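Enquirer: Just a sequence and a predicted model for now, questions to come.
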Amino acid sequence: MAQVFLSRSRKPANLIWYQAWLRWQSTSPLAQPVHDVSPADRLEPRAPVVVTPEIPGPRSKELASRLGQYQNTDAVHFFVDYERSQGNYVVDVDGNCLLDIFTQIASLPLGYNHPRLVKAMQKPENLATVINRPALGSYPPVDYVERLQNSLLSVAPPGLHQVQTMGCGSCSVENGMKAINMAYQRRIRGPRPYSDEELQSCIVNRSPGSPKLSFLSFANGFHGRTMGSLALTHAKWYVKLDFPAPDWPIAEFPQLRYPLEEFTQENQQEEQRCLEQVRDRIEQWAKRGEPVSGMCIEPIQGDGGDNHASPAFFQGLQDICDETGLYMMFDEVQTGGGVSGKYWAHEHFNLRHAPHVVAFSKRMLSGGFYFADELRPTEGYRIFNTWTGDPSRLVLLEQVIKEVKEEGLMANATLVGRYMLDGLRMLQCEFPGLVRNARGLGTLCAVDIRDANTRADLLRKMRNRGVNLGMCGVSGIRLRPSLLFKRRHVDIFLDRLRTTLAELK
Ligand SMILES: Cc1ncc(COP(=O)(O)O)c(C=O)c1O
């Protein structure tokens, strides 16, 4: 087979295709799930079924128009029948059954209605946690410590032992940033108590109580929509427009060439350039009298375009933080939960020590952040709100973690992700100019499409073929399947993608 391809053409594209094919062949038997037919697999439909000429269908449209009386519905894709949805398949209110490779914006670890989660919710003793949502910071339930230990703490990033739950991704980043600023000021203040001036000036947003600190973030980063996390977000205009934002330093995130292994030298230079810019920005803001207390970065930029950087880049950032006294926060809201092949994507970077904060949400079912001991607030009510999370989510998370471990779902993510990436690389060779930059870590895969309009067409056509996808960046397609995604699902996806690309060529 090798000779056939190589003798036909010596073009690099064919070679890449052939290499991808070889890898595909070698990973495909391994990509079988550890238990091929788990109880969850048995319940799942075998393939997408589309029953309306287009999606959204008539019932979805009618519901959108009714909802439209009370709120803007431009972002509504279709209405879902959550009771009928199962595993990797989402069922809409018109009866269309779609293979879901976006999973509620990357937030369903085990797809829909996983039997293990359904069973947990049917237990009478767990019902009380759902019915009586506590003000967790003040009135935690009797089993809360055990719940935390069995869920979030059992998968804590290496080196981090403190955790605070929160409601959503944005407030996880927001409060991680608060914890960093408090620690930074504690370091400056030393053992002296707060002055009266500090205590009074903070109430009216003035210095010294509200210090002139800044926080470094990266171009194309997405960290949320509350005012603090939004200040770190540099995504689409509709996320940012009309909201006041502080003038904090923004450094470029490396724009690498893919496949990474082929462009190591150029990519290294690009990363070096960005690291130098980070240093410059930190110096500049210190000179302005607004020292940088910390930086926030995604291990793979999600919404901003699924942009990757190498372990060396992240190690370089950590070195800069160590040299300049900055605290480092990884925003793992989108990358956490096992889909990268490790529980936390930053674990792929071989950092010299743990980051100071790791923010999470989405597939972890609860928002929150892990943090270094040094960041622990010294008084109550400093990191606080009414709910500060929801213990009923931890009941479910405990079951998710058990399933991940027992079914080998992180190994599955590695193998299925590689299989999917190789399939995408083959399509890239088959449709040059239309598809480019196939990239991925675990099942966090993406490709760029020719332009934004073609991408919009592609997403619509794929949905009408029964495959629900997400987008990222200017023209990227973002794949965010559940941890139950298997080789057979990849085959369905690639087959329909190939047909669609052929139409768009
Ligand atoms: C990396 C990252 N951080 C933060 C957020 C914000 O999370 P949420 O939408 O739950 O507030 C998102 C949301 O997509 C995200 O992808």
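Expert: Happy to help now that I have it.
Enquirer: quick one, what contacts the residue nearest the centre of the chain?
Expert: Centroid check for the chain by C-alpha atoms, centre = their mean gives residue 334 as the closest residue, at 1.0 Å. Residue 334 makes contact with 106, 169, 298, 300, 302, 303, 362, 480, according to C-beta atoms under 8 Å, 6 or more residues apart in numbering. For the C-beta atoms, the positions are set from N, CA and C on the backbone; glycine is no exception.
Enquirer: since we're on the residue in the stretch 351-500 of the chain positioned nearest to the ligand, how many residues are nearby?
Expert: For the stretch 351-500 of the chain, the residue closest to the ligand is residue 361, as judged by C-beta to the nearest ligand atom, at 4.8 Å. By the criterion of other C-beta atoms under 10 Å, residue 361 has 28 neighbours.
Enquirer: My read is that it contacts residue 331, right?
Expert: No. Residue 361 lies out of contact with residue 331 (C-beta atoms under 8 Å); the separation is 9.5 Å.
Enquirer: Find residues that contact each of the two.
Expert: residue 169.
Enquirer: can you pull the buried residues of stretch 193-202?
Expert: 198, 201 (16 or more other C-beta atoms under 10 Å).
Enquirer: now do stretch 212-221
Expert: 213, 214, 215, 216, 217, 218, 219, 220, 221.
Enquirer: dump the residue contacts of the residue in the stretch 151-300 of the chain that the ligand sits nearest to.
Expert: Nearest residue of the stretch 151-300 of the chain to the ligand: residue 169, at 2.2 Å (C-beta to the nearest ligand atom). Residue 169 sits next to 223, 224, 229, 331, 333, 334, 359, 360, 361, 362, 367 when contact means C-beta under 8 Å, 6+ apart.
Enquirer: Which of the helices or strands spans the second one?
Expert: Which is residue 224. Residue 224 belongs to no helix or strand when elements are defined using DSSP states H and E.
Enquirer: The third one now?
Expert: When secondary structure is defined using DSSP H and E, the element that contains residue 229 is helix 227-231.
Enquirer: Any part of that helix near the ligand?
Expert: No. Helix 227-231 lies apart from the ligand when judged by C-beta under 6 Å from any ligand atom; the minimum separation is 6.5 Å.
Enquirer: what ranges do the strands span in this structure?
Expert: Under the criterion DSSP state E, the chain carries strands at the ranges 89-91, 97-100, 162-166, 214-218, 250-251, 292-297, 327-331, 357-360, 367-371, 435-441, 444-449, 467-468, 470-472, 476-479.
Enquirer: out of those, nearest to residue 342?
Expert: For these, the distance to residue 342 is smallest for strand 435-441, at 9.3 Å, taking C-beta to C-beta.
Enquirer: Give the other helices and strands that that closest one contacts.
Expert: Secondary-structure packing of strand 435-441 (3 or more C-beta pairs under 8 Å, 6 or more residues apart in numbering; DSSP states H and E): helix 409-430, strand 444-449.
Enquirer: and these, which is most packed in?
Expert: strand 444-449 (a mean of 25; mean count of other C-beta atoms under 10 Å).
Enquirer: Not counting it itself, show me its contacts.
Expert: 300, 305-306, 335, 339-340, 345, 417, 420-421, 424, 427-428, 434-440, 455, 458, 472-480.
Enquirer: Adjacent strands (with direction) for it?
Expert: strand 435-441 (antiparallel), strand 476-479 (antiparallel) (DSSP bridges).
Enquirer: wait, does the last one contact the ligand?
Expert: I take that to be strand 476-479. No. Strand 476-479 lies out of reach of the ligand by C-beta under 6 Å from any ligand atom, never closer than 10.0 Å.
Enquirer: Just the CA atoms of that strand, as PDB, please.
Expert: Written as PDB, here are the backbone C-alpha positions of strand 476-479 (Å, rounded to 0.1, in the frame of the first residue of the first chain):
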ATOM      1  CA  GLY A 476     -12.900  26.900  12.700                       C
ATOM      2  CA  ILE A 477     -15.000  23.900  13.500                       C
ATOM      3  CA  ARG A 478     -14.700  22.800  17.100                       C
ATOM      4  CA  LEU A 479     -15.200  19.200  18.100                       C
END
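Enquirer: Identify all contacting residues around it.
Expert: When contacts are defined by C-beta under 8 Å, 6+ apart, strand 476-479 is touched by residues 101-102, 106, 302, 305-306, 420, 437, 440, 443-449, 455, 458-459, 469-472.
Enquirer: Distance of residue 410 relative to residue 335?
Expert: 13 Å (C-beta to C-beta, to the nearest Å).
Enquirer: same deal with residue 388?
Expert: 23 Å.
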